[in-house]
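>>> whatever this is, show me its structure:
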Amino acid sequence: MKEKQIDIWLVGNTGFRNPARISDGFKLYAQSPFVGQLIGGKNDVAFTKYLSENGIINNKQGKDTTGSHARKWRLMFERNGLVYPDVRRIGCTQEELGPIGQITPFGYRFLQADTYPAEQECFLRAMSVEQIPTTTDNGKLFSPLRWILAVMLELEKRTGSSEITRTEFALWGHTTDPTYDLQYVVDNILDLRRRRAAASSKRVFDRNEMNERSKRYSKNKGNFFDYADMNMRYLRITGVVQRKGRGLIIAPTKHVVAEKMAKATIGSKSLFDAKTILANGAPLPSDDLATAKELLASVERMAKDQSVYYDISDLDVDDTAAVNIARYRVEEALQLTNEIAYADKQRDQWREIAEYMRLIERGGGVSREEDEDSRIEVPKDELPAYLEWILWRAELAIDHMITEPNEVRGFKIDSDFLPVSTAGGGRGDLYCEYQDFMLVTEVSMSTSSRQEAMEGEPVRRHVSDAIDSSNCPVYGLFVAIKIDTNTAETFRHGIWYDKRDNKRRLDIVPLTLAQFREHFVAMFESKNASPEKLRDLIRECAIRRDALDGPEWKLYIERTVQNRAHLVREGRLKEGNFDNLIVLPGMTVDHPLLGTGQVLLAEVVYRDKGNSFATIPFAGQLPDEIRILPDGIRLEHADKGLMDVVAYQVAFGDKLWYMKREDLLSAARLYY
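This is a model prediction of the structure:
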């Protein structure tokens, strides 16, 4: 087959690369005053501002003054059949379809999708419609999803695997369509695969192949790989294909669907017909009872092969809707089981986790392995989601939690365990419960002074709420690329009043992602990772917070992280042992003979007042006029000067004991 000039088809939009964002944006649109009002550029600027104000996009002031964001969102709503498009341009009357910009019947169905699998099914219906023009025959339409499935199934027929690599997709996937002979396309993919396997430098090989292919492409040759990433991301959101390396493979639970949807021929319907089908919801194989039962039987076999428990005994297997609900249940049980297996693997993937952290610190991008298929990637427009995701993976790697992996995270993941979105409001990002403590982790990509305004209140509230529901100590960890000093100062005080106006002092330590990574890597390099080491890092960082101001505390945290990482690597760090421990107000004391007690008072000597004695309340936060000096031993009164602590009064049950500082530190274990 002799090729003509080639082109690249687009499932999505080059200015809208993440289809997972469509759901939140469309839900906002549906409840806005802009429904049906984005016509001919009217209200585009206002809708862009509305999207930004509601956190859907980050439109920095002055960046988009033309409303281009609104046009991209409207195009994606139309492309997926959620709103009626303008069909007058294709020679049809608008009344035949519906009012421009109004929500379609399928759009209302999309709004009712309350789970990620339900959203995936909606995207599957939309992408099954043949609405994209072929690259070589004007006027003919096809479905890129159906075409790629046909290619992958032919690859599976010949090789035993449906996998198509990123390089193969970039050069022979989205540059072809049903006007090509399927066998010809697969022949070229397999030829490319054989030659690439024999190449000494994969990077050089890929560049040369792209240069050769671009001779028949009139646009920027960088589009081959750039658009491939976007197109594969859109195809993956259907749930029928999933990630394999940086390429694609047919999802095992959706193989029957793939077989029934694959199509290597051009569509016969008009573009208006396609828009009508989109607006009303395209049919799927699972809408047929016999096919629905076949799909259910397929996933049940997988569940039984993996010894996965599920219960569908309450459902009528002679009703199509009930059969599909049953299949969703079995697929969910399989996904949860697979997530547990995924969690168990994380301890062996700590190097990859650390590399993801480095990429996030750099603002996203791709790692630099020689083999393109071995590289990892953090999309620049998904940094917040990937930051939550990689902290989740890190805490799974540290292990020993009693919380189920899916209960730790507040964000959605896809079938590849990659993040779909960030955690919703109203709860923390990550909750890890261990045998004798709980860790609440919050993350933020914010680095400016706005960081404190955005995170200070919700982080403290989430930690306080966790205290209400936990029977063990709760620690807070805040991780960001950069810690603003105002944020550190807020967490240094760590004060929160509950609904009954009870004052709480919270343990929340802010770490940069680089600091967290340093300690994380040290634990795994020493082959001695444990949640207790992370807890003790938080406790030691919190120990001197009352003796320091915000900037000083940030420096102390940095020194503490570096010191503990060094000791961990050398195997000289014992859990619960702090050489620089100081006695803080309200500390708990575990004594081998006296039991568990609490520090109540400090007996002090005023050095600037003739060595006069006094007692200072030490059960809670110190009075505003008194502070602990950085040496951790002396106190200072704003008016009365320096004080030396002589002894501490400690309550053990109904008995009071006076203990010197050195006796406390040598004979008892103190914690906060």
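>>> the stretch 251-400 of the chain: strands as residue ranges?
Assigned strands in the stretch 251-400 of the chain, in chain order: 365-366, 377-378 (criterion: DSSP state E, counting those that start in this stretch).
>>> of all those strands, which lies closest to Met401?
With Cβ to Cβ, the closest approach to Met401 among those belongs to strand 377-378: 24.8 Å. Glycine gets a C-beta too; all of them are placed from N, C-alpha and C.
>>> related to what we said a few turns ago, wait, which of the strands of the stretch 251-400 of the chain is closest to Lys345?
Nearest of the strands of the stretch 251-400 of the chain to Lys345, taken as Cβ to Cβ: strand 377-378 at 19.4 Å.
>>> separation between the closest residue to Arg17 other than its chain neighbours and Val241?
Spatial nearest neighbour of Arg17, excluding adjacent residues (Cβ to Cβ, 6 or more residues apart in numbering): Met230 at 4.6 Å. From Met230 over to Val241 the distance is 14 Å, taken as Cβ to Cβ, to the nearest Å.
>>> ok, these two, which is more surrounded?
Using other Cβ atoms under 10 Å as the criterion, Met230 and Val241 rank with Val241 on top: 25 against 22.
>>> who's that one bridged to?
Counting by DSSP bridges, Val241 is bridged to Ile250.
>>> please identify which helix or strand holds Arg146.
Element membership for Arg146 (DSSP states H and E) is helix 144-159.
>>> what packs against that helix?
helix 116-127, helix 182-198, helix 223-236, strand 241-244, strand 247-250, helix 255-261 (3 or more Cβ pairs under 8 Å, 6 or more residues apart in numbering; DSSP states H and E).
>>> which residues sit against the last one?
For helix 255-261, contacts defined as Cβ atoms under 8 Å, 6 or more residues apart in numbering pick out 124, 128, 145-146, 149, 152-153, 162, 240-241, 250-251, 284-286, 291, 294-295, 298.
>>> recalculate using a threshold of 6 Å.
Outside of helix 255-261, the residues within contact range by Cβ atoms under 6 Å, 6 or more residues apart in numbering are Arg146, Leu149, Val240, Ile250, Pro285, Glu294, Leu295, Ser298.
>>> give the buried residues for stretch 28-44.
By 16 or more other Cβ atoms under 10 Å, the buried positions in stretch 28-44 come out as Leu28, Tyr29, Ala30, Phe34, Leu38, Asn43, Asp44.
>>> narrow the residues you listed to those in strands?
Counting by DSSP state E, no part of these is found in strands.
>>> could you list the domains of the chain?
Following automatic domain parsing, the chain resolves into domains at 21-287, 348-366+377-570, 588-671.
>>> what would those domains look like in CSV with mean pLDDT and distance to Thr14?
Supplementary listing: those in CSV, determined by pLDDT from 0 to 100; distance: least, Cβ to Cβ, whole Å:
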stretch, mean pLDDT, distance to Thr14
domain 21-287, 92, 7
domain 348-366+377-570, 92, 12
domain 588-671, 86, 54
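>>> dump the ones you listed into JSON lines; add distance to Leu10 as well.
Shown next, in JSON lines, are the domains of the chain (distance: least, Cβ to Cβ, whole Å):
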{"stretch": "domain 21-287", "distance to Leu10": "6"}
{"stretch": "domain 348-366+377-570", "distance to Leu10": "17"}
{"stretch": "domain 588-671", "distance to Leu10": "57"}
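>>> how about the closest residue to Thr487 other than its chain neighbours, what does it touch?
Nearest non-adjacent residue to Thr487, counting by Cβ to Cβ, 6+ apart: Glu452, 4.4 Å away. Residues near Glu452 by Cβ under 6 Å, 6+ apart: Asp484, Asn486, Thr487, Thr490.
>>> most surrounded residue in the residues you listed?
Ranked by the number of neighbours (other Cβ under 10 Å), those place Thr487 first, at 28 neighbours.
>>> hang on, it packs against Gln451?
Yes. Counting by Cβ atoms under 6 Å, Thr487 touches Gln451, with 4.9 Å between them.
>>> list of residues touching stretch 100-119?
By Cβ under 6 Å, 6+ apart, stretch 100-119 touches 23, 30, 36, 38-39, 81-84, 86, 122, 279-281, 328, 412.
>>> of the residues you listed, buried ones?
Ser23, Ala30, Leu38, Gly81, Leu82, Val83, Tyr84, Cys122, Ala279, Gly281, Tyr328, Lys412.
>>> return the member of these nearest to Asp177.
Gly81 (20.9 Å).
>>> in the stretch 301-450 of the chain, which spans are helices?
Taking DSSP state H, counting those that start in this stretch as the test, the helices found in the stretch 301-450 of the chain are 320-345, 350-361, 383-398, 405-408, 450-469.
>>> could you list every helix and strand that the third one packs against?
Okay, so that is helix 383-398. Judged by 3 or more Cβ pairs under 6 Å, 6 or more residues apart in numbering; DSSP states H and E, helix 383-398 is in contact with helix 350-361, strand 438-444.
>>> could you give the number of residues near Met643?
Residues near Met643, counting by other Cβ under 10 Å, number 24.
>>> Asp644 belongs to a strand?
Yes. Under DSSP: H, G, I helix; E, B strand; the rest coil, Asp644 sits within a strand.
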